[in-house]
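>>> 3D, please:
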Amino acid sequence: MTLPAFPPTRAAALNRLEAFVPGAGPRYAAARNTDPGLGRESAVSRLSPYLRYRLVTEAEVVGAVLAQHTFAAAEKFVQEVLWRTYWKGWLELHPTVWSRFLSERDALKRSGDVAAAERGETGIEGFDDWARELVETGYLHNHARMWFASIWIFTLRLPWTLGADFFLRHLIDADPASNTLSWRWVAGLQTVGKTYLATRDNIARCTEGRFAPRGLATQATALTEAPLPPARPLALLPTQALAAPAILLATPEDLHPESLFDGQNRFAGAIVAANPDLLWGNHARTFVHAAAADTATRIERQFGCPARISAKLDAASVVAAARQAGVAHVATAAAPVGPVADSLAQLKSDLAKEGIALANVRRRWDGAFWPHATRGFFALKKQIPVQLREFGVA
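Numbering: from 1, shown residues only. Purely as a prediction, here's the structure:
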């Protein structure tokens with residue numbers, strides 16, 4: 001499988017960012033909801049796969065945009081980047097939402113109607129096209145994702161968890177937080193009672209007349225669920241690596257360790273985990289496998305240590321690397337709620353039994369914004385100018 005639309009390297013990400021920056025102000029604000037179709041120029045950045053695996057970071061994307069635009073001019077785009085941060089922070093504080101999603105999804109059987117929707121055989125104009133586009137390319141415009149989710153839930157009346165799972169299994173940028181919570185938002189679960197209703201007129205206008213589906217639901221009654229537990233405190237984690245010599249462990253959650261660990265860190269070796277079991281679909285796995293090779297090359301150049309790619313994120317591989325290097329410490333970027341975080345928690349426990357310490361290092365960006373993700377986006381939104389000044393990019 002090839003992914004020409006998203007070359008899986010940091011260099012490609014930086015090139016895309018450079019090309020997008022001039023249009024990140026008024027042009028983005030005016031046309032960000034327009035989906036002109038596959039292969040046609042769009043106002044959106046198409047940086048989501050690179051941000052998802054942190055081949056580029058939120059801080060450098062926002063910094064590049066604000067270097068050419070005022071905050072007022074680029075506020076819509078900056079907020080879009082911060083929505084990703086908000087979703088991750090909110091799920092970090094409410095991890096039971098992820099486990100509840102998995103339980104509900106696994107308890108359901110895929111009906112013939114679900115299978116038809118996934119194949120793009122519902123007869124609904126636009127929806128069927130987006131289903132096929134997603135499966136074929138691994139990508140959908142953000143507005144198309146919202147329309148699709150709304151039609152899935154309110155017109156087809158299919159379980160939202162199976163729709164969210166369909167996205168996870170095919171999106172290149174499949175992400176536990178952004179995907180799960182966006183589907184919940186459309187369904188009226190995330191912001192309780194507030195739903196998103198896809199309409200024929202909106203779809204026709206924002207697809208430039210490509211689609212004008214008939215027969216869509218005219219009401220979107222919010223779904224309900226059992227009350228959620230209160231937000232948990234954000235775990236305290238270091239924001240820099242230990243001074244002791246260590247092995248560097250890079251995971252699919254953060255493939256730019258150069259910007260997390262500075263040149264003063266002493267790494268005796270590095271492992272880049274490209275474990276397919278930590279990802280959902282072939283599009284994501286293909287992208288991450290190639291991006292891992294790119295990351296290993298950059299690690300060797302930046303830190304002057306050998307880096308190898310591992311198809312497993314297991315204690316045996318890490319212990320062997322640490323023993324060979326003669327170190328008793330491993331440093332990695334902290335992973336948000338999801339399969340990688342679960343694997344790192346198990347790895348930390350297993351390594352401790354071998355006398356090896358695993359340090360999960362949190363990015364300053366996450367540490368600055370996540371504590372403000374306890375409730376709705378507005379509380380975090382108020383912090384954006386304040387925090388960006390702290391980062392020196394506002």
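
>>> could you pull out the helices for the stretch 101-250 of the chain?
Using DSSP state H, counting those that start in this stretch, the helices found in the stretch 101-250 of the chain span residues 112-119, 127-137, 142-150, 160-168, 176-187, 200-206.

>>> elements contacting the longest one?
The helices and strands touching helix 176-187, judged by 3 or more C-beta pairs under 8 Å, 6 or more residues apart in numbering; DSSP states H and E, are helix 71-93, helix 96-107, helix 142-150, helix 160-168. (C-beta placed from N, C-alpha, C; glycine too.)

>>> if we go to 6 Å?
Helices and strands touching helix 176-187, as assessed by 3 or more C-beta pairs under 6 Å, 6 or more residues apart in numbering; DSSP states H and E, comprise helix 71-93, helix 142-150, helix 160-168.

>>> now those in CSV, with mean pLDDT and distance to residue 215?
What follows is the helices and strands packed on helix 176-187, written out as CSV (pLDDT from 0 to 100; distance: least, C-beta to C-beta, whole Å):
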stretch, mean pLDDT, distance to residue 215
helix 71-93, 98, 31
helix 142-150, 98, 13
helix 160-168, 98, 18
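
>>> can you put those helices in JSON lines and add distance to residue 104 and mean neighbour count?
Shown next, in JSON lines, are the helices and strands packed on helix 176-187 (distance: least, C-beta to C-beta, whole Å; neighbours: other C-beta atoms under 10 Å):
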{"stretch": "helix 71-93", "distance to residue 104": "15", "mean neighbour count": "20"}
{"stretch": "helix 142-150", "distance to residue 104": "16", "mean neighbour count": "22"}
{"stretch": "helix 160-168", "distance to residue 104": "5", "mean neighbour count": "23"}
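
>>> turn the ones you listed into JSON lines, columns for distance to residue 292.
What follows is those, written out as JSON lines (distance: least, C-beta to C-beta, whole Å):
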{"stretch": "helix 71-93", "distance to residue 292": "21"}
{"stretch": "helix 142-150", "distance to residue 292": "26"}
{"stretch": "helix 160-168", "distance to residue 292": "20"}
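
>>> of these, which approaches residue 385 most closely?
Among the helices and strands packed on helix 176-187, the nearest to residue 385 by C-beta to C-beta is helix 71-93 (6.5 Å).

>>> pull the residues that contact that closest one.
The contact list for helix 71-93, computed with C-beta atoms under 6 Å, 6 or more residues apart in numbering, reads 24-25, 28-29, 58, 61-62, 65, 98, 177-178, 181, 231-232, 336-337, 369-370, 373-374, 377, 380, 384, 394.

>>> how about the residue located most distally from the centre of the chain: what's its closest non-neighbour residue?
Note on the chain: the largest separation between a C-alpha and the mean C-alpha position, by C-alpha atoms, centre = their mean, falls on residue 326 (35.0 Å). With sequence-adjacent residues excluded and distances taken as C-beta to C-beta, 6 or more residues apart in numbering, residue 326 is closest to residue 268, at 7.0 Å.

>>> give the helix, strand or coil label for that neighbour.
Assigned with DSSP: H, G, I helix; E, B strand; the rest coil, residue 268 falls in the strand class.

>>> what's the neighbour count on it?
Using other C-beta atoms under 10 Å, residue 268 is surrounded by 18 other residues.

>>> tell me which of the helices of the stretch 101-250 of the chain sits nearest to residue 240.
Of all those, helix 176-187 comes closest under C-beta to C-beta, at 24.3 Å.

>>> now do that closest one against helix 71-93, angle only.
100 degrees (axes from the mean of the first three to the mean of the last three C-alpha atoms, to 10 degrees).

>>> next, the angle helix 96-107 makes with helix 176-187.
On the basis of the same axes, to 10 degrees, helix 176-187 is oriented at 80 degrees to helix 96-107.

>>> average pLDDT across helix 176-187?
For helix 176-187, mean pLDDT is 98.

>>> list the buried residues of it.
176-187 (16 or more other C-beta atoms under 10 Å).

>>> which of these lies closest to residue 310?
residue 176 (21.8 Å).

>>> wait, isn't that closest one in contact with residue 338?
Yes - counting by C-beta atoms under 6 Å, residue 176 touches residue 338, with 3.9 Å between them.

>>> identify the contacts common to those two.
By C-beta under 6 Å, 6+ apart, no residue touches both residue 176 and residue 338.

>>> of all the helices of the stretch 101-250 of the chain, which one comes closest to residue 359?
Of all the helices of the stretch 101-250 of the chain, it is helix 176-187 that lies closest to residue 359, at 22.8 Å by C-beta to C-beta.

>>> pLDDT weak spots in the stretch 101-250 of the chain?
Along the stretch 101-250 of the chain, segments meeting pLDDT under 70 span 241.

>>> again, only this time at 80
Residues of the stretch 101-250 of the chain meeting the criterion pLDDT under 80: 239-243.

>>> on the three-state scheme, the spatially closest residue to residue 293 that is not a sequence neighbour is what?
The shortest distance from residue 293 to any non-neighbouring residue, by C-beta to C-beta, 6+ apart, is to residue 309 (6.3 Å). Three-state call for residue 309 (three-state DSSP): strand.

>>> let's have the helices of the stretch 101-250 of the chain in JSON lines, adding distance to residue 282.
Formatted as JSON lines, the helices of the stretch 101-250 of the chain follow (distance: least, C-beta to C-beta, whole Å):
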{"stretch": "helix 112-119", "distance to residue 282": "15"}
{"stretch": "helix 127-137", "distance to residue 282": "10"}
{"stretch": "helix 142-150", "distance to residue 282": "19"}
{"stretch": "helix 160-168", "distance to residue 282": "12"}
{"stretch": "helix 176-187", "distance to residue 282": "17"}
{"stretch": "helix 200-206", "distance to residue 282": "29"}
